[in-house]
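Asker: Pasting a predicted model and its sequence here:
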Amino acid sequence: MGVPTPQGSRTARGADASALIGASSRAYGWLRKLLTFYGTAVTVAQLVPAVIALVVVFVSPTAWLSATLRRWVALGAVGGALIGALVLARAAGPGTLRGLVRGGSARRRRLAAVAWWGLGTAVVAAAAFRLHLAVVDVAFVRAVPFLTPVLDFYLGGGRGAATLYNALAAGLGGLTLAGVVAGAPAGILRWHEMRMVRRALLEDGGPVAALDQALAALEQAKVAVERSKSALLMTGEEPSTSGAAQPAHPAPRAGGRRSPR
Amino acid sequence: MFESLGGTADDGRACTVYRLRNLPGSPPTPVKWSAGTEVLAEVAGLPRCPEDGACEWFEVARYFDGDFVNGDTLVSYGLNADSFRLESPGLVSFASPDTGAAAASVGTQVVGTVITAEGEEVALDLIVKSRIERGEQGTVLVYEATSAEDSQLDGSRFVLAWEAFDLIPPGALDMGGSAAPFRSPTSGAAVSTERDGDTVSVRIAASAVSYSDRLSLLVLSPDDGELLLRVPMPAFVPGG
């Protein structure tokens, strides 16, 4: 009985072959995924120089060559960062911590509002800032001739016009930074808090876990009730054969009553 | 485009000329040309030069007793007059007038066109001088501007704020007369002038005279006081 039959040997070899085919299939799938990833990576790598060039062009307009403008923008950036930090502190500070104690929805709402408004303002201000830097770029204005009077005003308007240009650049730069400084951390804070809340809901002893336990208990109770019902029905069908089944009835009932707890 | 020239004027004094010009197709361009801390010429805006037109020179000539040497200069231009910087050798003057002589003079001549904030072109063509006259009435300091055009001297198109007027003791100058071109840089008040032909002048009696080399002449817009041009304009001033 202990000697393997030829039939059994063939089955084992068949299982090995299936495993081998499965492994080969999986390896082929991985290879395909790898090749797809490689192809995508090569395409992206080819685009990198162009993207870098665009970024360089974007962040280094000729206006940056002016040391005076850089000083103004630096000043605006510092001011904007401070304002952004104040806005963030107000949204996430002790005042709203009281809201967190009460349930946190007010704080999260405020953080969400600051994140959206901050980042939205930053995007709009950054675009306006870039356009502002471009209007004194001769090559850009040649391509967009209707901006020529603006270029002429800023370059030929003397100190007043230059100061106005610098002040606008500082304001837009500051607004961009204020939006980023207030919006980005507010968004991260909100995301982090949402994650913490989800985790707290799901962890042992948390509300969701308690609900799961309650559902499981309910399921058990249901099963117990079903059993009691079956037992009762069986008792009703054979009333004269035995009365010994009667004492068993209270147990499922008791279980049925207990299970919701 | 820029160049500095040096030579000797008709009257034997030394002369330096600083010339600036926009390139064809270039936008209005603020320019500052300096040698160390001394501003040789600061133009709020050279006018836009058409692509196919001739670009005129803006010229600042200085006449003085003394000499000039080849020194290091810096031309900066573009936005805020500091977007582009070119270090270049240039002629730097060293004036050494004799304040004890019977007559002495330093002068700056400006010829060219600048633009205002409104884009209006203002043509400048005048000579500004500081002179000493010694005669029977004693020493007289003369501050004068000369031009063939009346509009250059009546303060209607531009005014001349000369830092020399801030070094003159209060009361020595007769303030007033809005038709005069001269202004005090600090107060902005007009300085009364006398007119003689194509020259307007301010005359002050002085017991002692000194020469102040690091003074500037500011050409300002008459409406809002906007700076159009700054050039060196040394002067003889009262004092030992």
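Answerer: Thanks, I have the structure now. Numbers count the residues shown, from 1 in each chain, chains lettered A, B, ... in the order given.
Asker: going forward, measure contacts between C-alpha atoms and count neighbours the same way
Answerer: Will do.
Asker: where does the stretch 101-250 of chain A have low pLDDT?
Answerer: A:101-106, A:237-250 (pLDDT under 70).
Asker: By proximity to chain B, which residue of it wins?
Answerer: Nearest residue of the stretch 101-250 of chain A to chain B, counting by Cα to the nearest Cα: residue A:157, 3.6 Å away.
Asker: That residue and residue B:20, how far apart?
Answerer: Counting by Cα to Cα, to the nearest Å, the separation of residue A:157 from residue B:20 is 18 Å.
Asker: that older thread, the residue of the stretch 101-250 of chain A closest to chain B against residue B:44, yeah?
Answerer: Yes. Contact criterion Cα atoms under 8 Å: residue A:157 and residue B:44 qualify, at 7.4 Å.
Asker: Overlap of the contact sets of those two?
Answerer: The overlap between the contact sets of residue A:157 and residue B:44 (Cα atoms under 8 Å, 6 or more residues apart in numbering or on different chains) consists of B:115, B:116.
Asker: Contact residues of the stretch 1-150 of chain A facing chain B?
Answerer: Contact residues (Cα under 8 Å from any Cα of the partner chain) of the stretch 1-150 of chain A with chain B: A:62, A:63, A:64, A:65, A:66, A:67, A:68, A:69, A:136, A:138.
Asker: Give me the buried subset of the residues you listed.
Answerer: A:62, A:63, A:65, A:66, A:67, A:68, A:69, A:136, A:138 (16 or more other Cα atoms under 10 Å in any protein chain shown).
Asker: which residues sit in contact with the third one?
Answerer: The reference is to residue A:65. Taking Cα under 8 Å, 6+ apart, we find residue A:65 in contact with B:82, B:83, B:84.
Asker: Quick check: phi and psi at residue 76.
Answerer: Went with chain A since none was named. The phi/psi pair for residue A:76 (degrees, to the nearest 10) reads phi -60, psi -40.
Asker: Identify the residues contacting it.
Answerer: When contacts are counted by Cα under 8 Å, 6+ apart, residue A:76 is found next to A:169, A:170, A:171, A:172, A:173, A:174.
Asker: Let's see that with 7 Å instead.
Answerer: Counting by Cα atoms under 7 Å, 6 or more residues apart in numbering or on different chains, residue A:76 touches A:170, A:171, A:173, A:174.
Asker: Kindly report the same for residue B:73.
Answerer: Contacts of residue B:73 (Cα under 7 Å, 6+ apart): B:34, B:35, B:36, B:87, B:88, B:89, B:90.
Asker: so which helix or strand takes in residue A:232?
Answerer: In the assignment (DSSP states H and E), residue A:232 maps to helix A:207-237.
Asker: May I see the buried residues of that helix?
Answerer: Neighbour counts over helix A:207-237 (16+ other Cα under 10 Å) mark A:208, A:217, A:218, A:220, A:221, A:222, A:224, A:225, A:228, A:231, A:235 as buried.
Asker: Repeat that for stretch B:50-64.
Answerer: Buried, per 16+ other Cα under 10 Å, within stretch B:50-64: B:55, B:56, B:57, B:58, B:59, B:60, B:61, B:62, B:63, B:64.
Asker: Let's have these in CSV, adding distance to chain A.
Answerer: Listed next are those as CSV, based on distance: Cα to the nearest Cα, whole Å:
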residue, distance to chain A
B:55, 16
B:56, 16
B:57, 17
B:58, 15
B:59, 18
B:60, 19
B:61, 23
B:62, 24
B:63, 28
B:64, 30
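Asker: Mind picking the two most distant members of those residues?
Answerer: Longest distance between any two of the buried residues of stretch B:50-64 is 28.9 Å, between B:55 and B:64; criterion Cα to Cα.
Asker: coming back round to it: phi, psi for the residue of the stretch 101-250 of chain A closest to chain B please.
Answerer: Torsion angles, degrees, to the nearest 10, at residue A:157: phi -90, psi 10.
Asker: Excluding chain neighbours, give the residue nearest to residue B:105 in space.
Answerer: Closest residue to residue B:105 apart from its sequence neighbours, by Cα to Cα, 6 or more residues apart in numbering or on different chains: residue B:131 at 4.3 Å.
Asker: what secondary structure does the one you found sit in?
Answerer: At residue B:131 the chain is in strand, as set by DSSP: H, G, I helix; E, B strand; the rest coil.
Asker: count of residues packed around it?
Answerer: Residue B:131: 21 surrounding residues under other Cα atoms under 10 Å in any protein chain shown.
Asker: Likewise for residue B:124?
Answerer: 22.
Asker: State the pLDDT value of it.
Answerer: We have a pLDDT of 84 for residue B:124.
Asker: Stretch A:152-163: how far from the chain's middle?
Answerer: Offset of stretch A:152-163 from its chain centre (Cα atoms, centre = their mean, to the nearest Å): 46 Å.
Asker: Let's see it as PDB, backbone CA atoms only.
Answerer: Once non-C-alpha atoms are left out, stretch A:152-163 reads as follows in PDB (Å, rounded to 0.1, in the frame of the first residue of the first chain):
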ATOM      1  CA  ASP A 152       8.400 101.100 -22.500                       C
ATOM      2  CA  PHE A 153       6.700 102.400 -19.300                       C
ATOM      3  CA  TYR A 154       8.700 100.200 -16.900                       C
ATOM      4  CA  LEU A 155      12.000 100.600 -18.600                       C
ATOM      5  CA  GLY A 156      11.700 104.300 -19.700                       C
ATOM      6  CA  GLY A 157       9.500 105.600 -17.000                       C
ATOM      7  CA  GLY A 158      12.300 106.600 -14.600                       C
ATOM      8  CA  ARG A 159      12.600 105.700 -11.000                       C
ATOM      9  CA  GLY A 160       8.900 106.000 -10.300                       C
ATOM     10  CA  ALA A 161       8.000 103.300 -12.900                       C
ATOM     11  CA  ALA A 162      10.900 101.100 -11.800                       C
ATOM     12  CA  THR A 163       9.800 101.400  -8.200                       C
END
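Asker: residues in contact with that stretch?
Answerer: Contacts of stretch A:152-163 (Cα under 7 Å, 6+ apart): A:165, B:27-30, B:44-45, B:78-80, B:115-119, B:227-228.
Asker: let's see it at 6 Å
Answerer: B:28, B:29, B:44, B:45, B:79, B:80, B:116, B:117 (Cα atoms under 6 Å, 6 or more residues apart in numbering or on different chains).
Asker: and the residue nearest to the spatial centre of chain A, which of the three is it?
Answerer: By Cα atoms, centre = their mean, chain A has its centre lying nearest to residue A:191, at 6.6 Å. Assigned by three-state DSSP, the conformation of residue A:191 is helix.
Asker: so what's the residue nearest to residue B:105 bridging to?
Answerer: Note on residue B:131: beta-bridge partners by DSSP bridges are residue B:105, residue B:142.
Asker: OK, contacts around it?
Answerer: Residues in contact with residue B:131 (Cα under 6 Å, 6+ apart) are B:104, B:105, B:141, B:142.
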